[in-house]
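Q: what shape does this take:
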Amino acid sequence: MRALRVVGLDEDGESVVCEDPENGERFTVPADERLRAAARGDLTRLGQVQIAMEAQMRPREIQSRIRGGASVEQIATVSGIPEHRVERYAYPVLLERAQIAEMAQRAHPVREDGPDVQTLGEVVAHTFGMRGHDYAEANWDSWRGEDNKWVVQLTWQAGRSENRAHWVFHPGAHGGTVAALDDHAADLLDPSPNRPLRTVRPVTELAREALQLDQQAQQVQERPEEPVAAQRSEAPTLDLDTTPPPAPEPAAEEQVEENAEGATAEAAEDDAQRKAEPRRGRKSHPIVPSWEDVLLGVRSHR
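A: From the prediction side, this is the model:
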């Protein structure tokens, strides 16, 4: 055990900074009630604080969280309990998770026509060999999900990326069965190294559909031109020209004026004839001589 030297409080005021005098490496210690009790030498208070903190998370709750996939470090950080105390309750559950992971490797993957003859471990090892991955460096783990079913996880490194595949494990006769939960798990069950990734298929299909729609749109735009032109040639046309007629030429204007003058003259002659007709009627009647004409014997010329 190395001895550390107290440097002071951290900037947040909630941690104590300690330094290793040999190499200058620094550490932080939470300035909580336990540190204060230890600094005062109050062993009674220190024991009470530890019991109170352990009472916040009972052993059964620790095991339940570990069975659900949590790690010892995560439980220790959340509860504030030292890791060696958490490991005391987590150890049997970690063994259970490791046994379930081994059992799942001996289970049979479920295919479209039923369970496979080969086990999950054999199929994955064969796929790793065909794709150039090192199966020995892959890590298996398992935990119980919220639906109370066991989930098996395989983690492996491919280049600079860390990949994970998940299956649901159903224990049963002949090793039980496993079913893929994500794309990586389904890809590992297919031994073909040239199998295209599923994430590419929708993009390719969408691009193909978009190309087909573009071609159909071009055909629709090109086809209607000929029938429309034929219909336009056959359909009767209506003269809807609203532009005013062109101005008449000077000769035409003169002819129009002459016609107007002739019509005016004819109208005047007709009026004169109408006025003259009554006069002709009056002259046709016999003239009655006045009394003076009778006495004198003179004929009147009226």
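Q: ok, which stretches of the stretch 1-150 of the chain are helices?
A: Per DSSP state H, counting those that start in this stretch, the stretch 1-150 of the chain carries helices over the ranges 33-40, 43-56, 59-67, 72-79, 83-105, 120-131.
Q: what mean pLDDT does the fifth one get?
A: The average of the pLDDT scores along helix 83-105 is 93.
Q: that older thread, of all the helices of the stretch 1-150 of the chain, which lies closest to residue 27?
A: Nearest to residue 27, of all these, is helix 33-40, at 12.8 Å by C-beta to C-beta. (Each C-beta comes from the backbone N, C-alpha and C, glycine too.)
Q: counting contacts, what elements does that closest one pack onto?
A: Contacts defined by 3 or more C-beta pairs under 8 Å, 6 or more residues apart in numbering; DSSP states H and E place helix 33-40 against helix 43-56.
Q: where does pLDDT dip in this protein?
A: 45-56, 191-207, 220, 222-289, 291-302 (pLDDT under 70).
Q: ok, now with 90
A: 1-61, 76-86, 88, 111-116, 129-136, 146, 157-161, 172-175, 189-302 (pLDDT under 90).
Q: hey, where'd the strands end up in it?
A: 5-9, 15-19, 26-30, 108-111, 114-115, 139-144, 150-158, 161-170, 177-180 (DSSP state E).
Q: now the helices of the stretch 1-150 of the chain as CSV including mean neighbour count and distance to residue 146?
A: As requested, the helices of the stretch 1-150 of the chain are exported to CSV (neighbours: other C-beta atoms under 10 Å; distance: least, C-beta to C-beta, whole Å):
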stretch, mean neighbour count, distance to residue 146
helix 33-40, 14, 34
helix 43-56, 13, 23
helix 59-67, 17, 12
helix 72-79, 16, 17
helix 83-105, 17, 16
helix 120-131, 18, 23
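Q: possible to save those as CSV with distance to residue 169?
A: Converted to CSV, the helices of the stretch 1-150 of the chain look like this (distance: least, C-beta to C-beta, whole Å):
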stretch, distance to residue 169
helix 33-40, 41
helix 43-56, 33
helix 59-67, 14
helix 72-79, 23
helix 83-105, 4
helix 120-131, 9
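Q: and the ones you listed: which comes nearest residue 175?
A: helix 83-105 (7.2 Å).
Q: just the residues contacting the closest one, thanks.
A: Outside helix 83-105, the residues within contact range by C-beta atoms under 8 Å, 6 or more residues apart in numbering are 54, 59, 62-63, 66-67, 72-73, 75-76, 79, 119-121, 124, 140-143, 150, 152, 167, 169, 171, 175-176, 178.
Q: what angle sits between it and strand 139-144?
A: 100 degrees (axes from the mean of the first three to the mean of the last three C-alpha atoms, to 10 degrees).
Q: just the C-alpha atoms of helix 83-105, please, in PDB.
A: What follows is helix 83-105, C-alpha atoms only, in PDB (Å, rounded to 0.1, in the frame of the first residue of the first chain):
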ATOM      1  CA  GLU A  83     -16.000  -2.600  -4.900                       C
ATOM      2  CA  HIS A  84     -14.600  -5.400  -2.800                       C
ATOM      3  CA  ARG A  85     -17.900  -5.300  -0.800                       C
ATOM      4  CA  VAL A  86     -20.000  -5.400  -4.000                       C
ATOM      5  CA  GLU A  87     -17.900  -8.300  -5.400                       C
ATOM      6  CA  ARG A  88     -18.900 -10.300  -2.300                       C
ATOM      7  CA  TYR A  89     -22.500 -10.300  -3.400                       C
ATOM      8  CA  ALA A  90     -22.000 -10.100  -7.200                       C
ATOM      9  CA  TYR A  91     -19.600 -13.100  -7.500                       C
ATOM     10  CA  PRO A  92     -22.300 -15.900  -7.600                       C
ATOM     11  CA  VAL A  93     -24.400 -13.900 -10.100                       C
ATOM     12  CA  LEU A  94     -21.400 -13.300 -12.400                       C
ATOM     13  CA  LEU A  95     -20.800 -17.100 -12.400                       C
ATOM     14  CA  GLU A  96     -24.400 -17.600 -13.400                       C
ATOM     15  CA  ARG A  97     -24.000 -15.100 -16.300                       C
ATOM     16  CA  ALA A  98     -20.900 -16.900 -17.500                       C
ATOM     17  CA  GLN A  99     -22.600 -20.300 -17.400                       C
ATOM     18  CA  ILE A 100     -25.600 -19.000 -19.400                       C
ATOM     19  CA  ALA A 101     -23.200 -17.500 -22.000                       C
ATOM     20  CA  GLU A 102     -21.500 -21.000 -22.400                       C
ATOM     21  CA  MET A 103     -24.900 -22.700 -22.600                       C
ATOM     22  CA  ALA A 104     -26.000 -20.300 -25.300                       C
ATOM     23  CA  GLN A 105     -22.900 -21.200 -27.400                       C
END
